[in-house]
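Peer 1: missing the sequence, but the structure's below:
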């Protein structure tokens with residue numbers, strides 16, 4: 001018997017409504033995979049899936065998981081399930097690991113305990129942002145790479161020689177001399193990605209609350225033009241939406257297409273969320 005009841009929408013987000021079961025069979029997973037590729041974000045409700053069940057669900061759909069050393073492991077769960085950053089401040093819209101050479105395809109969020117007040121998950125469809133941009137902005141961003149200055153590695157000159165002229169897909173290594181025999185290793189990465197549906201998407205880490213906080217430069221070292229940044233921010237804010245997850249609900253996002261964030265939380269310790277960051281969606285669940 002299928003665990004799926006209906007597909008609907010809640011606040012513009014595609015909802016997978018369960019029938020109270022605790023597992024998804026292969027037929028369900030195939031249907032969900034196709035739906036994710038077309039919708040870009042799925043909100044699962046009505047399933048009796050706990051933390052271990054969430055870990056099994058993510059593993060069934062995905063290959064290869066990122067083990068983030070900056071996020072805590074959770075007792076009793078596999079190491080690829082990590083806690084979400086605690087705090088009360090809002091999280092700006094971003095795609096996961098935008099500054100690295102290997103952008104994960106899928107990110108999952110599971111709500112163990114919702115915040116009493118605030119703490120909604122912000123979602124923004126980068127394909128819709130791209131559609132909102134004017135021709136000049138599209139022409140500027142398309143094919144252009146940026147460098148994020150966020151916790152970049154400092155390496156020795158000897159190690160730097162091993163990285164020179166290295167590239168990975170559309171990304172490229174950038175080495176900047178720090179002092180003497182030390183270098184900053186960063187990646188020049190695209191601002192525009194292609195989602196699982198094959199459409200271009202403005203999904204990156206450029207959407208911040210002020211231009212000064214947009215810690216990025218172009219590949220040639222120049223700053224991002226303010227006018228194009230402002231246009232992208234307006235577009236993102238016009239299409240973003242929010243999901244207030246309840247206990248046992250979870251999200252599955254195309255990380256190449258969707259950006260996510262968080263609204264402020266009323267109290268720091270009353271929101272418990274888990275995350276799983278996966279390299280890729282399994283081939284059998286992709287669009288033909």
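Peer 2: On my side now, so go ahead. What you see is a predicted model; the values in this text were computed from it and never measured.
Peer 1: endpoint to endpoint, stretch 176-188 covers what distance?
Peer 2: The straight-line separation of the ends of stretch 176-188 (Cα to Cα, to the nearest Å) is 12 Å.
Peer 1: now residue 242: phi and psi?
Peer 2: Backbone geometry at residue 242, expressed as degrees, to the nearest 10, gives phi -130, psi 150.
Peer 1: can you tell me the SS state at residue 35?
Peer 2: helix (DSSP: H, G, I helix; E, B strand; the rest coil).
Peer 1: strands of the stretch 151-288 of the chain, start to end?
Peer 2: For the stretch 151-288 of the chain, the strands defined by DSSP state E, counting those that start in this stretch cover 153-156, 167-168, 171-179, 182-190, 192-194, 200-202, 216-218, 241-243, 250-254, 258-262, 272-281.
Peer 1: parallel or antiparallel, which strands does the first one pair with?
Peer 2: Think strand 153-156. Here strand 153-156 is paired, per DSSP bridges, with strand 182-190 (antiparallel).
Peer 1: mind listing what's buried along the strand it pairs with?
Peer 2: The neighbour-count check on strand 182-190 (16 or more other Cβ atoms under 10 Å) flags 183, 184, 185, 186, 187, 188, 189, 190 as buried. The way it works is simple: take the backbone N, C-alpha and C, and place the C-beta from them, glycine included.
Peer 1: okay, those residues in JSON lines with distance to residue 119 and pLDDT next?
Peer 2: Formatted as JSON lines, the buried residues of strand 182-190 follow (distance: Cβ to Cβ, whole Å; pLDDT from 0 to 100):
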{"residue": "183", "distance to residue 119": "40", "pLDDT": "83"}
{"residue": "184", "distance to residue 119": "35", "pLDDT": "81"}
{"residue": "185", "distance to residue 119": "35", "pLDDT": "80"}
{"residue": "186", "distance to residue 119": "32", "pLDDT": "83"}
{"residue": "187", "distance to residue 119": "31", "pLDDT": "84"}
{"residue": "188", "distance to residue 119": "34", "pLDDT": "89"}
{"residue": "189", "distance to residue 119": "29", "pLDDT": "91"}
{"residue": "190", "distance to residue 119": "31", "pLDDT": "93"}
